[in-house]
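**Student:** below is the sequence, then the predicted model.
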Amino acid sequence: MTISTRALISTSDLTPQELTGVIERAIQGKQSNWREHSTALAGKVIALMFFNPSLRTRASFQAGIARLGGQSVVLAPGSDSWTLEFEEGALMYRDRTEHVKDASGVLSQYFDAVCIRSFPALKSWEEDKNEPVLSAFKKHLDIPLVSMESALWHPCQALADAVTRQARTDYERWIAWKSDELDRVRRFIEERHRWSSAYSRLKEIRLQLREVYLSA
């Protein structure tokens, strides 16, 4: 399956056909414990950049990449790597030691894709709604970008919810089909039982008629 977009920031970046394909592939992968896709990311190295602390997202992405045969490197800008500047033309001073443009060039050389988690700063809605971190990386990276959650969107969680809902819907349809099948079997048995009872009654009447005939 081919994805046309180079940056997944929200599910609207995928076409309806791509969304359906991703969901179906995920359901198939879960059913086989990803054995059929264990080499999908073979030879690929993915950067996971966390601008905020994470437990489930980090664990799920690292485990998922490993199950698909890839490797991941976790980076925490401002913690275990340099703090980044995102404003174009900004002077590099104080705690801003590297610009996102330069960092993107380096990441594009070393990795096959970058996944980023960045919460809103909650200082300015006008700024947060423009997704400054993701927008800057999208502009400067030469490799695919995937959002692991941002100020506005959480596309991978939305896809996971869709997979769960679809799987639940399939299960409900299976239950409905089985219930209908059981109902047909029940009606068949009841019908057979009624015919069997009627046949037994006819036999009794025939025997009674025969006795009456013989005693006459």
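**Tutor:** Cool, got the structure.
**Student:** residue ranges with poor pLDDT in the chain?
**Tutor:** Applying pLDDT under 70 to the chain flags residues 1, 90-96, 170-216.
**Student:** which residue is the nearest non-sequential neighbour of the residue nearest the centre of it?
**Tutor:** Among the residues of the chain, the one closest to the centroid is Ala160, at 3.0 Å (CA atoms, centre = their mean). Counting by CB to CB, 6 or more residues apart in numbering, the nearest residue to Ala160 once its immediate chain neighbours are dropped is Ala26, at 7.9 Å. No exception for glycine: its C-beta is placed from N, CA and C like everyone else's.
**Student:** now do the host helix or strand of that neighbour: which elements does it pack against?
**Tutor:** Applying DSSP states H and E as the criterion places Ala26 in helix 16-31. If you count contacts as 3 or more CB pairs under 8 Å, 6 or more residues apart in numbering; DSSP states H and E, helix 16-31 packs onto helix 155-215.
**Student:** tell me how many other residues crowd the closest residue to Glu127 other than its chain neighbours.
**Tutor:** Closest residue to Glu127 apart from its sequence neighbours, by CB to CB, 6+ apart: Ala121 at 6.8 Å. Look at Ala121: counted by other CB atoms under 10 Å, it has 12 neighbours.
**Student:** next one: Ala158
**Tutor:** 13.
**Student:** contacts only, for it.
**Tutor:** Applying CB atoms under 8 Å, 6 or more residues apart in numbering, we find Ala158 in contact with Thr11.
**Student:** let's see it at 10 Å
**Tutor:** Taking CB atoms under 10 Å, 6 or more residues apart in numbering, we find Ala158 in contact with 10-11, 19.
**Student:** ok, of the residues you listed, which one's closest to Lys30?
**Tutor:** Of all the contacts of Ala158, Leu19 has the smallest distance to Lys30: 16.9 Å, by CB to CB.
**Student:** what is the burial count for that closest one?
**Tutor:** With other CB under 10 Å as criterion, Leu19 counts 16.
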